[in-house]
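S.K.: Requesting a structural model of the entry that follows:
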Amino acid sequence: MRILVQNIKELLVWGRLHLRLEQARFRGVKIKIWIRDDDAIEFTRELSEFLEAMHDFPISLAVIPGNIKDTLVNVLKMHPRLTILQHGWMHENRSTGLPSEFPDGLEEKQVVAELKRGYNILNNMFPEHYYPIFVPPWNRIGDDIVEDFHQIPLGGLSVFGNDSGPISITNINTHVDIMDWQLGTGQSTYMILKCLINEIELRLEHDVDTPIGILTHHLKHDLRLNTRLKNIVTILNSKQAVDWLVFPPRNNRARV
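M.R.: Residues are numbered from 1 along each chain as shown. Here you go, the predicted model:
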C-alpha cells in the first residue's frame, strides 16, 4: 500500500515505525492492537463513515446504554467484527472535581442499579456482540465503584493510559488518542504515529504484552481523519509483528 507522505518529518516517523515492528518480528514479539470508539448511542452518518473506513478491522464500540436508540442495531449490518462495550450509564458528570459519571461517594445501591440496567440493555440488544468491559465516561471511575463490578457482573475495565484497577479486574486500556482535544480536531499522522511508536518501544523495552489501545470518537471525526486512521491500521495489519485483540463471543448470558 502506498501512502502520500506530507513532509520529511512524517516520512521519518513512518520509517521509525517500520524499524520498531521489524525489531519486534526479529525477537518473536507480537504487538497486540485494538481500537475503542467511544460515545455511540445511535446510527449516525459519522458512525457509518467511520465503520466503512474501518470495515476490515475489529472495532470495540463503547455504547452509552442510558441514551441508546434502536437505530444503533444497524451497526451489525455494516461491520462484521464488532464488539459492544458499556460506556457508563447516561454519560453525565456527577463529580465536583474532574469530570466523572461514577466518582467515589455515590450511593452503592444507585450505582449497582444503573450498571445492571446498562448491562441488561446492551446484553439484550447485542446478545452475540456485547462483552462486559466497562468504559467509564471521561476515563475516570472511583475505586469504590470498581469494587461493585462483581455484582453486575462486569469483568473488565478500560480507561486511558496505564492505570490499573483491582487485581480481580481485567484492564484493557487505550493509549493513543487520535483527537487533539485542545484544538477539537484530529491529530496529525505524525503525532498519532509518534504516540503509537512510544507505546511499542515501551513494550519492547520492558518485555510486556499489554495490548495497545487506539482511542477514537467517531462523532468528532471528519473523512480526512478516518482516512488517516485507515492508512495507519492498514500498514499495521500488513506487519507480521502485529496481532489484533479480538474479544471472544459470549453467548447465553443471563439478565442480572
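S.K.: the helices in the stretch 101-250 of the chain, which residues?
M.R.: 108-125, 143-146, 189-206, 223-237 (DSSP state H, counting those that start in this stretch).
S.K.: spatially speaking, which residue is in the middle of this protein?
M.R.: Arg36 (1.8 Å; Cα atoms, centre = their mean).
S.K.: Spit out the contact partners of that residue.
M.R.: 60, 62, 85, 135, 158, 174, 213-216 (Cβ atoms under 8 Å, 6 or more residues apart in numbering). (Glycine included, C-beta is placed from N, CA and C.)
S.K.: ok so, going back, could you point out which of the helices of the stretch 101-250 of the chain sits nearest Gln23?
M.R.: helix 189-206 (6.3 Å; Cβ to Cβ).
S.K.: Rounded mean pLDDT for the closest one, please.
M.R.: Average pLDDT, helix 189-206: 96.
S.K.: Likewise for stretch 42-55?
M.R.: pLDDT averaged over stretch 42-55 gives 95.
S.K.: just how off-centre is that stretch within its chain?
M.R.: When C-alpha coordinates are averaged (Cα atoms, centre = their mean, to the nearest Å), stretch 42-55 and its chain have centres 15 Å apart.
S.K.: Convert the C-alpha atoms of that stretch to CSV, please.
M.R.: Presented in CSV, the C-alpha positions along stretch 42-55 are these (Å, rounded to 0.1, in the frame of the first residue of the first chain):
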residue,chain,number,x,y,z
GLU,A,42,-27.4,5.9,17.5
PHE,A,43,-26.7,5.1,13.9
THR,A,44,-25.4,8.4,12.5
ARG,A,45,-23.7,9.4,9.3
GLU,A,46,-20.5,9.9,11.3
LEU,A,47,-20.6,6.4,12.7
SER,A,48,-21.4,4.9,9.3
GLU,A,49,-18.4,6.7,7.7
PHE,A,50,-16.1,5.5,10.5
LEU,A,51,-17.3,1.9,10.3
GLU,A,52,-17.0,2.0,6.5
ALA,A,53,-13.3,3.1,6.8
MET,A,54,-12.6,0.5,9.5
HIS,A,55,-14.6,-2.3,7.8
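S.K.: Perfect, that will be all.
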